[in-house]
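Engineer: The amino acid sequence is not available; the structure is as follows:
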């Protein structure tokens, strides 16, 4: 009889991969709990499996297995582990509700779980793309696109406009005076809506090349009560002919790294801004230069790049194929090629995003 054991030197990596497998399976459970309304029901009141199933119109046996898994994983607490399986009562701890239930809490995580599942679901298609150099656009990743918008929503509707934009030199005064804003690569419009809500005199024009995202943005603006001041257009800003010098702020929030031709877009943004206005790029806060191993932000951004952003960037040809990990020097190069004098990194504290003011 032979046995196979993990060599001691390999054990830490094997343990890490095992932990990642467990984490991936827990993400799937988080997605189930969010989509089926189980977390929300538990936030209202503790429940047994039959009670949870009755409240949410779901199956009691599946609910029981999920509740047990969530308690084992530490997401939920259980009143009596020795009780009969259908008599155990489960509670969502108060400190977990922002993470799992409150869609506008900065720590809300189900959209990230949904995005990760959507990205990994595309791996079989990416195998072919990696062999040929082809791409896979956001238009082909509906779940991922929706999840990404939901993940950014708490920040875009909250701190972006109420805390961080006011720290950009000249922006707060211009927007309080009613300066017009161009939101380039607006996606589903949450950044535009957030700016309009924070600045009641502002009008925002959102531009994106993805028609489904623009349709969703219009619905979101209507629901938020700002559709009279926020308009969205399916457009390549590089092809617009009537926007020169119109805007006090021209901004691109977390999208330049996805663009197949960022220089052309940045050049258009330069034309769109008025002489005393601001061109702002907000993108991922990656390290200033490549190092290995990297921190958690680097690991996360490279994961996004492998499975979503780089394939999306290559879905249109020709493409510079930036990927999610756009270093400051890369943006500097793009900006200078677009006619700017340079790029200024702004001292705005944010764990995920870095703010760049492009210099005229």
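Structural biologist: Perfect, I can see it now. Computed from a predicted structure; not experimentally measured. Numbering: from 1, shown residues only.
Engineer: For the rest of this, base every contact and every neighbour count on C-alpha atoms.
Structural biologist: OK.
Engineer: name the helices or strands packed onto the host helix or strand of residue 31?
Structural biologist: Here residue 31 sits within helix 11-35, counting by DSSP states H and E. Judged by 3 or more CA pairs under 8 Å, 6 or more residues apart in numbering; DSSP states H and E, helix 11-35 is in contact with helix 60-73, helix 110-121.
Engineer: and if we set it to 10 Å?
Structural biologist: Under the contact criterion of 3 or more CA pairs under 10 Å, 6 or more residues apart in numbering; DSSP states H and E, helix 11-35 touches helix 38-44, helix 60-73, helix 97-100, helix 110-121.
Engineer: Give me the mean pLDDT for it.
Structural biologist: Helix 11-35 shows a mean pLDDT of 96.
Engineer: Ok, stretch 272-287 next?
Structural biologist: According to the model, stretch 272-287 has a mean pLDDT of 97.
Engineer: neighbours of residue 162, just the number please.
Structural biologist: 18 (other CA atoms under 10 Å).
Engineer: quick one, phi psi at the closest residue to it other than its chain neighbours?
Structural biologist: Excluding the flanking residues, the one nearest residue 162 by CA to CA, 6 or more residues apart in numbering is residue 198, at 6.2 Å. Phi and psi for residue 198, reported as degrees, to the nearest 10, are phi -80, psi -30.
Engineer: go on, residue 52?
Structural biologist: phi -60, psi -40.
Engineer: what residues are up against it?
Structural biologist: Contact analysis of residue 52 by CA atoms under 10 Å, 6 or more residues apart in numbering lists 37-39, 41-42, 45-46, 58-60, 63-64, 67, 89-90.
Engineer: still on that earlier bit, so what's the residue nearest to residue 162 up against?
Structural biologist: Neighbours of residue 198 in contact, by CA under 10 Å, 6+ apart: 157, 158, 159, 160, 161, 162, 163, 175, 176.
Engineer: go on, residue 68?
Structural biologist: 49, 62, 74, 76, 77, 78, 81, 85, 88, 90.
Engineer: returning to that earlier point: what spatial separation is found between the residue nearest to residue 162 and residue 158?
Structural biologist: Between residue 198 and residue 158 the computed distance is 9 Å (CA to CA, to the nearest Å).
Engineer: Same list (the contacts of residue 68) but as CSV, adding neighbour count.
Structural biologist: Shown next, in CSV, are the contacts of residue 68 (neighbours: other CA atoms under 10 Å):
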residue, neighbour count
49, 25
62, 13
74, 12
76, 19
77, 19
78, 21
81, 14
85, 14
88, 19
90, 24
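Engineer: and these as JSON lines, adding pLDDT and secondary structure?
Structural biologist: Conversion of the contacts of residue 68 to JSON lines gives the following (pLDDT from 0 to 100; DSSP: H, G, I helix; E, B strand; the rest coil):
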{"residue": "49", "pLDDT": "98", "secondary structure": "helix"}
{"residue": "62", "pLDDT": "98", "secondary structure": "helix"}
{"residue": "74", "pLDDT": "98", "secondary structure": "coil"}
{"residue": "76", "pLDDT": "98", "secondary structure": "coil"}
{"residue": "77", "pLDDT": "98", "secondary structure": "strand"}
{"residue": "78", "pLDDT": "98", "secondary structure": "strand"}
{"residue": "81", "pLDDT": "97", "secondary structure": "coil"}
{"residue": "85", "pLDDT": "97", "secondary structure": "coil"}
{"residue": "88", "pLDDT": "98", "secondary structure": "coil"}
{"residue": "90", "pLDDT": "98", "secondary structure": "strand"}
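Engineer: Serialize these to a markdown table and add fields for distance to residue 255.
Structural biologist: Shown next, in a markdown table, are the contacts of residue 68 (distance: CA to CA, whole Å):
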| residue | distance to residue 255 |
| --- | --- |
| 49 | 43 |
| 62 | 39 |
| 74 | 36 |
| 76 | 36 |
| 77 | 40 |
| 78 | 43 |
| 81 | 48 |
| 85 | 48 |
| 88 | 47 |
| 90 | 41 |
